[in-house]
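Visitor: Predicted model, plus sequence, below.
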Amino acid sequence: MRLLLLGGTAEARALAKALHPQVDIVSSLAGRVPDPALPDGPVRIGGFGGVDGLRRWLRDERVDAVVDATHPFAATMTAHAAEVCAELRMPHLVLARPPWEPGAAIVVASDIEAAKAVARHAYSRVFLTTGRSGARAFARSDAWFLIRAVTAPDKVSLPRHHHILLSRGPYRYDDEIAIMRRHRVDALVTKNSGGDMTRAKLDAAAALGIPVVMVARPPLPDGVTAVGTVQEAAEWVARLG
Ligand code: NAP
């Protein structure tokens, strides 16, 4: 049994650790960040070349099953894997960590809607944590942004007033409180990524009374089987034999 594990998340690394070397796995990373945290076992890096490239790759590599443990917002990769696996009748599972409870957050459907919410509420000092690509939607905003990302966003598509903070989680509650205070932040914008590595910002915002604008996850493709924990995913793989 040979398994493709679409990764780039802590959950994917934990699943690789649980399966390797008993199961023949190959992990796949998009290659977005320099010096990524590598999972146990063999790894390939870079896009497959769309649906056609993925189909070809699965055939050439004689893959029997796919676990998609990509980031919950990696909707294109997830759609491609679901489509190709359905077509090839290949066992396919999505491992998606549970989303955060939005609580009192303003929930929006996209980065564009998040930018509209920031304008509507006249927030002026925004902690923007939607990543490198998420900052683009705020390009025309007059507010000031503290943009936190793993790799530097493209300068030309950024809002006029901003400061870039390059860093990578996990983040601690005390540090998040300190950042929000130091920069006198009056709103937090985040994706509903879920998980413990980056949730401290929500607790810090709640403690400081800072409103949160939360981008909801894109829906999973119709008909896919999904689990929320590494253990459930490992059990699914074990049942494949
Ligand atoms: P995406 O938009 O779903 O994927 C775009 C393309 O990247 C895919 O079509 C595929 O290229 C390639 N790709 C993605 N994941 C891959 C993998 N595991 N192995 C091989 N190729 C892969 O995903 P994304 O560009 O990675 O990210 C989309 C959103 O998720 C962004 O908003 C990003 O900020 C967020 N994200 C966040 C984190 C995080 O840790 N915070 C991590 C990842 C993504 P081909 O079509 O050529 O196969």
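Guide: Yep, it's here. Residues are numbered from 1 along each chain as shown.
Visitor: if I pick the residue nearest the centre of the chain, what's in contact with it?
Guide: Nearest residue to the geometric centre of the chain (Cα atoms, centre = their mean): residue 71, 3.2 Å. Residue 71 makes contact with 8, 9, 193, according to Cβ atoms under 8 Å, 6 or more residues apart in numbering. The C-beta positions use only the backbone N, C-alpha and C, and glycine is treated the same way.
Visitor: Next, the residue nearest to the last one when sequence neighbours are not counted: phi, psi?
Guide: Spatially, and ignoring its direct neighbours in sequence, residue 193 is nearest to residue 72 (6.2 Å; Cβ to Cβ, 6 or more residues apart in numbering). When quoted as degrees, to the nearest 10, the phi and psi of residue 72 stand at phi -60, psi -20.
Visitor: I'd say residue 72 and residue 97 touch.
Guide: Yes. Using Cβ atoms under 8 Å, residue 72 makes contact with residue 97 at a distance of 7.1 Å.
Visitor: for the protein, longest helix please?
Guide: For the chain, the helix that runs over the most residues, judged by DSSP state H, is helix 75-88.
Visitor: That one close to the ligand?
Guide: Yes. For helix 75-88, a contact with the ligand is found by Cβ under 6 Å from any ligand atom, at 75, 76, 77, 80.
Visitor: Pull out the buried residues from that helix.
Guide: 77, 78, 79, 80, 81, 82, 84, 85 (16 or more other Cβ atoms under 10 Å).
Visitor: Might you report the residue contacts of the fifth one?
Guide: Taking Cβ under 8 Å, 6+ apart, we find residue 81 in contact with 6, 54, 66, 68, 92.
Visitor: restrict those residues to contacts with the ligand.
Guide: Near the ligand, by the rule Cβ under 6 Å from any ligand atom, you find 6, 54 out of the contacts of residue 81.
Visitor: and the contacts of residue 81 as TSV, adding pLDDT?
Guide: Listed next are these as TSV, based on pLDDT from 0 to 100:
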residue	pLDDT
6	98
54	98
66	98
68	98
92	98
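Visitor: nearest to the ligand, of the contacts of residue 81?
Guide: Using Cβ to the nearest ligand atom, residue 6 is the member of the contacts of residue 81 that lies nearest the ligand, at 4.3 Å.
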